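J.: pasting the structure only:
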């Protein structure tokens, strides 16, 4: 073996996804990029808020001495304080700079959090359909993922099913609301019930069970809905998030983790997280971006534009006979696959130049994901292709 | 246990280092920062080359559409090509963009490389004195560090000692030249002999053994010396490096890994590295910095200024009776501790307001490290304190 056996296996099992991407590239070359409708990637086509560019311009014109040097592994005090101020308002808890660690995105924050808390073989509950990377992140740190299906009609957490898998090895549950890939938001009442369930299990089993709330889409909620703050409902909660979506900065790798001030042994957890941020090789979140995001904690991209895209697609696809939950946030639709085999369906859609991700990629065969963070014009121009696809499948009227 | 047992243990065992830092803070508060001479951190006090700031200003004034979005996990083609061009010249090998993966610094590159190649329990040789983080990085990915002392007079690799520890579990050896903490450069002849030794062992054991060449100080070489390129001497070599030192950007987390085109199964290794860059949570190196460093691959900070600092300290400390190897690169001196107990020596130096790191932190008790990436004025003003310290110890004449 030239490389680690496990990595080689992971690469091989991912090859069908790569083949799909290659098929997309092939189609683009033949038909032109403008005639291929790529709904596969959560890579927002929007630009960051103007204020962020303005702050970058100011900083570039008058660079601060030492602004590219190492700082504390937790990040700049100023940035952490700016994050904490907004979190304190949202949660009603006394979140301070000391509760926040700046990270290389939410993926960095998740890996740091899991490394901090997981002993070998301990279990982490993930809710299916789930973000494709969670299993790799848990495995990185010697943990074992335990998949629990959400309600298959609503994609809301199934508390009885969660309770059934909790045991003396359970260390954490990862929540993701608004959800990738389903777009649903978990209501406050559900989080409250989950918090009570976990508190009961913690006492019963004599061990701390964390809620890791992965919230990169927290600002992307529609129809005036608000995403409830997890700190209000769960004591042992960690928020992990990034500015990839709300500030449209996915390539810059800037995010943070924050511990609920009410967490048992919060100080120890945070000390561990700073240590793991350092030793996993992140060292610290990128310095320049830390300075920029400190200035725009209350800004976000145009949420209304995303809502309009959701409405355009949801209305048209529903009318064509596709069945799906109407999502309240994020920028994904997760319809049922009209064919039992979602991979076969996605291949068929490719013939209509529609690029989609099969539900199997999210542990949820029988569905498919549409990422609608694309130009509205792309959505509009794709509609005839969707119509042809529906006709070929014989769905709708 | 609120957090992982191993992490809690690591934090506790690191507490004496933290106590030393706290002592430094205490001294600064009492005597003023200008009267405390902090030689503990490899955090360069210089600014990046002017050209880099200029490129940042241009980009900030005219932002490119999509410049903050995700790109390939390996990084921008343009940046990888710029890196490859310089590496191809230095190595004489046909290094192309496809051999390069942009990373969050050298620490990111090291973790990605180790994750890619290590099966559980496989061994990685590190040369003592060694960078303090190597053991954590190896442990992160289930590997076992094997420490091999360099020659205690010259800090050059001891090839016989290396050969003696190679066995059927050996997967890699990490080299760091110019070295942190000793500042020595490994000559071409040594690398050539090491390459031959490893080739022989690979055939004997029937397994691939990697050289991971950690080179963040490769541009920081003095007296006109050049750091030999590892690709010329070792086929199965990976370069891991950052622009933290040569471009003075440590807080920005920008670096890369590069595989020797002559590596056995280079393509598989690189595919694995891209996968691990993604799934370890780095995802990609920060977008903005990738664009900037692509423009300044042939620039570096003022090497002459570092050389002058080395000379100032080396000449004065040697005259005072401190014994050390004269380093050819990096920005560290690693003298012998005048007291057998290097921690006791460092505590004594603190009383003279000199902040140093004991050799024990590098697996090398009996020595101490001076990081001279500080203002020349700080070095000059510290000299009376060094004199007093030498007098108290009764060393010199």
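T.: That came in fine, so what should we check first? On a predicted model such as this, the values are computed, not experimentally measured, just so you know. Numbers count the residues shown, from 1 in each chain, chains lettered A, B, ... in the order given.
J.: residue ranges with poor pLDDT in chain A?
T.: A:15-18, A:397 (pLDDT under 70).
J.: Show me where it has its helices.
T.: A:5-13, A:15-31, A:50-61, A:77-91, A:105-117, A:134-140, A:159-165, A:188-205, A:266-279, A:287-294, A:303-319, A:342-351, A:376-393 (DSSP state H).
J.: would you list the ones you listed in a markdown table and tack on mean neighbour count and distance to residue A:38?
T.: From N, CA and C alone the C-beta is placed, and that goes for glycine too. Formatted as a markdown table, the helices of chain A follow (neighbours: other CB atoms under 10 Å in any protein chain shown; distance: least, CB to CB, whole Å):
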| stretch | mean neighbour count | distance to residue A:38 |
| --- | --- | --- |
| helix A:5-13 | 14 | 23 |
| helix A:15-31 | 13 | 6 |
| helix A:50-61 | 16 | 26 |
| helix A:77-91 | 19 | 33 |
| helix A:105-117 | 28 | 22 |
| helix A:134-140 | 21 | 24 |
| helix A:159-165 | 13 | 35 |
| helix A:188-205 | 16 | 33 |
| helix A:266-279 | 22 | 34 |
| helix A:287-294 | 24 | 27 |
| helix A:303-319 | 17 | 14 |
| helix A:342-351 | 19 | 11 |
| helix A:376-393 | 16 | 8 |
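J.: Kindly present the ones you listed as CSV, with separate columns for distance to chain B.
T.: CSV is the format used below for the helices of chain A (distance: least, CB to the nearest CB, whole Å):
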stretch, distance to chain B
helix A:5-13, 5
helix A:15-31, 10
helix A:50-61, 4
helix A:77-91, 12
helix A:105-117, 4
helix A:134-140, 4
helix A:159-165, 21
helix A:188-205, 11
helix A:266-279, 4
helix A:287-294, 3
helix A:303-319, 16
helix A:342-351, 21
helix A:376-393, 14
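J.: just so I know, which of those lies nearest residue B:376?
T.: Residue B:376 lies closest, by CB to CB, to one member of the helices of chain A: helix A:287-294, at 24.4 Å.
J.: what's that closest one packed up against?
T.: Contact partners of helix A:287-294 among helices and strands, from 3 or more CB pairs under 8 Å, 6 or more residues apart in numbering or on different chains; DSSP states H and E: helix A:50-61, helix A:77-91, helix B:287-294.
J.: okay if I get those as a markdown table plus distance to residue A:346?
T.: Converted to a markdown table, the helices and strands packed on helix A:287-294 look like this (distance: least, CB to CB, whole Å):
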| stretch | distance to residue A:346 |
| --- | --- |
| helix A:50-61 | 36 |
| helix A:77-91 | 38 |
| helix B:287-294 | 29 |
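J.: Can you tell me which residues in the stretch 101-250 of chain A are near chain B?
T.: A:104-105, A:107-112, A:115-119, A:133, A:136-137, A:140, A:208, A:248-250 (CB under 8 Å from any CB of the partner chain).
J.: and residue A:394, how many neighbours?
T.: 8 (other CB atoms under 10 Å in any protein chain shown).
J.: Distance of it relative to residue A:388?
T.: 12 Å (CB to CB, to the nearest Å).
J.: Kindly report the same for residue A:23.
T.: Taking CB to CB, one finds residue A:23 at 18 Å from residue A:388.
J.: Kindly report the same for residue A:349.
T.: In terms of CB to CB, residue A:349 sits 10 Å off from residue A:388.
J.: Repeat that for residue A:276.
T.: Counting by CB to CB, the gap from residue A:276 to residue A:388 is 50 Å.
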